[in-house]
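Student: A predicted structure for the sequence below; I have some questions about it.
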Amino acid sequence: MMRSLEQVLADGVRDIPDYPQPGVVFKDITPLLADHTGFGQVVEALAAAGTDDDGRPVVDKVVGIEARGFILAAPVALALGAGFVPVRKKGKLPAPTYEESYALEYGEATIEVHQDAFAPGDRVLVIDDVLATGGTVEACLRLIRRCGAEVVGTAVLLELSFLPGRKRLEGEQVSALLTV
Ligand SMILES: O=P(O)(O)OC[C@H]1O[C@H](OP(=O)(O)OP(=O)(O)O)[C@H](O)[C@@H]1O
Ligand SMILES: Nc1ncnc2[nH]cnc12
């Protein structure tokens with residue numbers, strides 16, 4: 001029998017205390033990724049953020065944020081019949097890029113996108129695994145807009161509600177499959 005999405009997420013996301021540093025509870029999605037029916041259900045649920053009320057795809061590109069975002073965003077792009085665009089950590093993309101820096105729950109980072117990753121006016125769905133402080137998604141939205149593309153929304157597997165991600169992204173369309 002098919003499990004509910006809620007059950008799939010409960011089965012597949014585990015807490016790793018004090019990783020990568022003391023005081024952080026790391027949400028590990030690797031059990032979910034190893035569960036092929038569950039992974040499929042999650043991809044389908046994330047892809048729904050890129051469709052209209054009749055279930056028709058409304059996006060041209062799906063952005064995945066390195067590294068865990070890639071794993072989810074690539075199958076979502078295929079499910080929506082959209083292109084995939086990688087947003088990568090600084091220094092990994094070969095052609096001219098735009099870059100944005102931001103603070104993380106456990107550090108600091110700079111992300112980049114190719115300047116020619118989007119056609120003008122492309123409609124874009126952003127996918128990531130976890131929304132924590134919101135710094136990563138916020139920087140990613142800035143990158144997409146600098147390229148002249150339109151953000152349709154952001155979908156994440158998991159939102160950490162004890163961190164200010166949603167507040168930081170006020171005014172943006174953000175959906176989460178699970179909020180803890
Ligand atoms: O909402 P925020 O506070 O910005 O945090 C969320 C981000 O943090 C994690 O990425 P991380 O940089 O640890 O990289 P990884 O995917 O390469 O493991 C996670 O995958 C999100 O992208
Ligand atoms: N607590 C956490 N678990 C997994 N990924 C994260 N990204 C930022 N905070 C995280």
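Tutor: Right, received. Where do you want to start? Ligands and ions are numbered 1, 2, ... in the order given.

Student: partners of residue 107 in the sheet?
Tutor: residue 104 (DSSP bridges).

Student: Give me the below-cutoff pLDDT ranges for the protein.
Tutor: Counting by pLDDT under 70, the chain contains no low-confidence residues.

Student: Do a quick rundown of the helices in it.
Tutor: 5-12, 30-33, 36-47, 68-80, 135-146, 165-168 (DSSP state H).

Student: Format the ones you listed as a markdown table; extra columns: mean neighbour count and distance to ligand 1.
Tutor: (Glycine included, C-beta is placed from N, CA and C.) Listed next are the helices of the chain as a markdown table, based on neighbours: other Cβ atoms under 10 Å; distance: least, Cβ to the nearest ligand atom, whole Å:
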| stretch | mean neighbour count | distance to ligand 1 |
| --- | --- | --- |
| helix 5-12 | 16 | 16 |
| helix 30-33 | 16 | 11 |
| helix 36-47 | 18 | 14 |
| helix 68-80 | 21 | 4 |
| helix 135-146 | 21 | 3 |
| helix 165-168 | 16 | 5 |
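
Student: for those, which one sits closest to residue 101?
Tutor: Nearest of the helices of the chain to residue 101, taken as Cβ to Cβ: helix 135-146 at 7.1 Å.

Student: For the residue nearest to the spatial centre of the chain, which non-adjacent residue is spatially closest?
Tutor: What sits nearest the mean C-alpha location of the chain, by Cα atoms, centre = their mean, is residue 128, with 1.5 Å. What sits nearest to residue 128 in space, not counting adjacent residues and going by Cβ to Cβ, 6 or more residues apart in numbering, is residue 69, at 4.1 Å.

Student: hang on, the earlier thing: surely the residue nearest to the centre of the chain is in contact with residue 70?
Tutor: No - applying Cβ atoms under 8 Å as the test, residue 128 and residue 70 come out as separate, 9.6 Å apart.

Student: Give the intersection of the neighbour lists for these two.
Tutor: residue 64 (Cβ atoms under 8 Å, 6 or more residues apart in numbering).

Student: residues from the protein in reach of ligand 2?
Tutor: Proximity of the chain to ligand 2 is confined to 24, 25, 26, 27, 105, 130, 132 under the rule Cβ under 6 Å from any ligand atom.

Student: residues contacting the fifth one?
Tutor: By Cβ under 8 Å, 6+ apart, the contact set of residue 105 is 24, 132, 133, 163.
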